[in-house]
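1. Fold the following.
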Amino acid sequence: MNPDLLAPSTSADAVRLTQYSHGAGCGCKIAPKVLDQILHTTVPQPHHERLLVGNASRDDAAVYDLGTGQALISTTDFFMPIVDDAYDFGRIASANAISDVYAMGGRPVLAIAVLGWPIDKLPPEVARRVIEGSRSVCAEAGIALAGGHSIDSPEPIFGLAVSGLVDIPNLKRNDTATEGCLLYLTKPLGVGMLTTAQKKGLLTEADAQLAPRQMMQLNKLGEPLGKLPQVKAMTDVTGFGLLGHLAEVAEGSQLTAEIDFAQVPRIAAAEAYRQQKAIPGGTHRNWDSYGHKVSGAGGDISEEQRHWLCDPQTSGGLLVCVAPEGRAAVEQLLREAGVPAEPFGQLRARQGSEPYIVVR
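-> Numbering: from 1, shown residues only. Below you'll find the model as predicted:
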């Protein structure tokens with residue numbers, strides 16, 4: 001163990017967790033293009049009558065009809081440290097995992113932990129702080145952290161498997177948007193740039209808490225948004241960036257998304273770090289995977305637009321597709337929650353073989 005990373009007392013507060021992993025947060029996700037190869041199968045899949053959402057779509061969670069008018073939502077999400085503080089890492093990883101339930105319009109009811117720990121490098125006290133952070137976020141979500149599974153692994157890994165419930169009419173998917181839907185994003189982009197700036201030693205003390213504070217915020221809005229029939233589709237924005245998750249919505253719904261780059265919510269402080277080349281590796285992998293589905297007003301999008309729109313988010317906001325008649329109700333809900341309440345784009349009919357996303 002590097003003595004510079006741990007105090008002699010092996011205090012949990014002295015550990016710099018990000019030094020023990022090769023990736024960080026949702027930036028660890030396998031690139032979409034590679035994931036397509038992994039998930040491709042020629043083996044016939046059995047039909048499950050009550051499986052409402054499964055592998056057929058790229059949705060946030062699996063959904064199973066309980067036969068009572070409600071459905072069970074089941075998801076798991078885990079990654080390597082994106083912050084140095086163990087308690088905050090537990091909070092961020094947990095908020096990120098729980099978000100998948102909210103993104104389906106559901107209510108989380110139960111979580112179990114997934115822990116991989118390098119027991120030869122990091123003391124158990126640090127892992128305990130991760131779990132304590134997770135418990136705090138689960139309590140905030142009104143659920144129990146009821147168990148879990150742990151293994152000895154070369155790098156620290158933490159996340160949750162989460163179960164939730166949703167009334168079936170309120171279930172939201174990422175492939176059911178309709179023509180004319182307005183697009184909203186409930187958290188600004190830029191987390192990937194800020195965390196990369198931290199790794200490069202560029203992040204100022206004044207900006208140090210911008211990303212952690214946002215990543216620890218629960219997407220509780222998903223449940224009330226799910227109850228609005230004018231919300232036609234919903235997903236959360238994580239490692240594939242805004243363009244990647246929006247491409248899933250547009251392609252799944254067979255529509256084209258037109259977005260106004262100037263209206264996309266962004267963390268203002270991240271621009272200075274972008275200009276200092278604090279660009280996550282995941283940004284480039286994302287563009288390589290789905291850039292062919294995107295065009296600018298005059299052809300290719302600019303480097304600035306690519307950096308922001310492909311920036312991998314960890315515990316990012318909800319991408320909400322709203323029929324025009326629901327605009328007032330949704331914007332009131334967003335304003336009351338103190339999140340961005342202006343649309344940044346709209347879905348329209350797709351013209352021939354044009355790209356699924358057009359950036360203006």
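2. Might one say that residue 164 is in contact with residue 99?
-> No: taking contacts as C-beta atoms under 8 Å, residue 164 lies outside contact range of residue 99: 10.8 Å. C-beta coordinates here come from the backbone N, C-alpha and C atoms, glycine included.
3. Comparing these two, which residue is more hemmed in?
-> It is residue 99, of residue 164 and residue 99, that has more neighbours when counted by other C-beta atoms under 10 Å, with 30 against 27.
4. For the more buried one, which residues are in contact?
-> 60, 77, 218, 219, 222, 236, 238, 315, 316, 318 (C-beta atoms under 8 Å, 6 or more residues apart in numbering).
5. so it, which of the three states?
-> helix (DSSP: H, G, I helix; E, B strand; the rest coil).
6. In which helix or strand does the residue positioned nearest the centre of the chain reside?
-> Closest residue to the average C-alpha location of the chain: residue 238 at 2.6 Å, with C-alpha atoms, centre = their mean. Per DSSP states H and E: residue 238 is located in neither a helix nor a strand.
7. got the contact list for it?
-> Listed by C-beta under 8 Å, 6+ apart, the contact set of residue 238 reads 26, 29, 96, 99, 245, 312, 313, 314, 315, 316.
8. Helices - which of the contacts of residue 99 land there?
-> Those of the contacts of residue 99 mapping onto helices are residue 222, per DSSP state H.
9. Next, please give the residue ranges for the strands of the stretch 101-250 of the chain.
-> 107-117, 144-152, 157-167, 182-185, 231-236 (DSSP state E, counting those that start in this stretch).
10. ok, the last one: who's next to it in the sheet?
-> Its sheet considered, strand 231-236 pairs with strand 318-322 (antiparallel) by DSSP bridges.
11. following the partner strand, which helix or strand comes up?
-> Assigned by DSSP H and E, the successor of strand 318-322 is helix 327-336.
12. before we move on, the earlier item: specify the stretch among the strands of the stretch 101-250 of the chain that is closest to residue 269.
-> strand 182-185 (17.6 Å; C-beta to C-beta).
13. just how off-centre is the closest one within its chain?
-> 16 Å (C-alpha atoms, centre = their mean, to the nearest Å).
14. Starting from that strand, tell me which strands it pairs with and how they run.
-> Strand 182-185 is paired, per DSSP bridges, with strand 318-322 (antiparallel), strand 345-349 (antiparallel).
15. Show residues contacting the last one.
-> Outside of strand 345-349, the residues that reach it under the criterion C-beta under 8 Å, 6+ apart are 177-183, 249-250, 253, 255-260, 263, 321.
16. Repeat that for the first one.
-> The list of residues contacting strand 318-322 from outside it, by C-beta under 8 Å, 6+ apart, reads 99, 102-103, 177-178, 181-187, 219, 221-222, 225, 230-237, 242, 245-246, 249, 330, 343, 347.
17. about what we covered before: now the strands of the stretch 101-250 of the chain as CSV including distance to residue 356 and mean pLDDT?
-> Shown next, in CSV, are the strands of the stretch 101-250 of the chain (distance: least, C-beta to C-beta, whole Å; pLDDT from 0 to 100):
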stretch, distance to residue 356, mean pLDDT
strand 107-117, 31, 97
strand 144-152, 38, 95
strand 157-167, 27, 98
strand 182-185, 13, 98
strand 231-236, 14, 97
